[in-house]
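Student: Got a predicted structure here, sequence first:
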Amino acid sequence: MQKLIKNHIIKIILILLFNLTYSIICFAKPCFRVYGYLGTWSAPPGWTLDNIDWDALTHVLDAFAIPNSNGTLDSSSLRKATLINKAHANNTKCMVSIGGGSGSAGFPSAVSSTYRTTFVNNIYNLVASNGYDGVYIDWEFPTTTTDRTNYVLFMQALYAKFKDASSVKAYNGDPLEVTFFPGAGYKSPCLYKK
């Protein structure tokens, strides 16, 4: 009789462990980063932020702020607080995406030595003043040697600004994030050894 009770207790414990493991796997955030662009170009009629499966994402990208050639940004198409607050309420980081396929024309001049510091400061101010958790640079595409060299110098300056001890932090206390889209086949000097 005691052996039967012991076997039932073991089965119950195993079932509980399975259910707990299943719950953690099915209802937790992914254990790797999952980014989702949220642009203005293809939302179906009636679509709202409530249609997002927030549990499937670790980051949502507010796309796009457009760089101007003088280092300023056009952020008029961003959702800003509406998206940021919804993301944070769902334990998801919200980053601003700069550039994009049709918004990259201003990059070559903005990252030049003439405007680089202004551009970095404007990006940081956009992130800090709105409560974004970082920036995603989507320059499509740096094509010349000068573009690529300036891109690396720009990314180094941007990284230094965002990681400075006096910089604001993400909503959860983490340092601000800096990431980028290098493009297929693009070999950045900061990524590859010759």
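Tutor: Cool, got the structure.
Student: In contact with T72, which residues are there?
Tutor: 118, 122 (Cβ atoms under 8 Å, 6 or more residues apart in numbering). Every C-beta, even on glycine, is put in place using the N, C-alpha and C of the backbone.
Student: Tell me the confidence at it?
Tutor: Note for T72: predicted pLDDT of 98.
Student: Also L38?
Tutor: 89.
Student: Who are the contact partners of it?
Tutor: By Cβ under 8 Å, 6+ apart, L38 lies in contact with 52, 60-63, 79, 83.
Student: Spatially, which two of these are the most separated?
Tutor: I52 and A63 (13.8 Å; Cβ to Cβ).
Student: Which residue of the two possesses the greater neighbour count?
Tutor: Applying other Cβ atoms under 10 Å to I52 and A63 shows that A63 carries more neighbours, namely 23 against 18.
Student: pLDDT score assigned to the more buried one?
Tutor: 94.
Student: Repeat that for G46.
Tutor: In this model, G46 carries a pLDDT of 86.
Student: Burial check on T149, number of neighbours?
Tutor: 13.
Student: How far off centre is stretch 71-78?
Tutor: Between the centre of stretch 71-78 and the centre of its chain there are 17 Å (Cα atoms, centre = their mean, to the nearest Å).
Student: Only the buried residues of that stretch, if you could.
Tutor: 71, 73, 75, 78 (16 or more other Cβ atoms under 10 Å).
Student: R148: which of the residues you listed is nearest?
Tutor: Using Cβ to Cβ, these come closest to R148 at G71, 18.7 Å.
Student: on that earlier part again, let me know the closest of the buried residues of stretch 71-78 to S167.
Tutor: Distances from S167 to the buried residues of stretch 71-78, taken by Cβ to Cβ, are shortest for L73, at 17.9 Å.
Student: With that, I have no additional questions.
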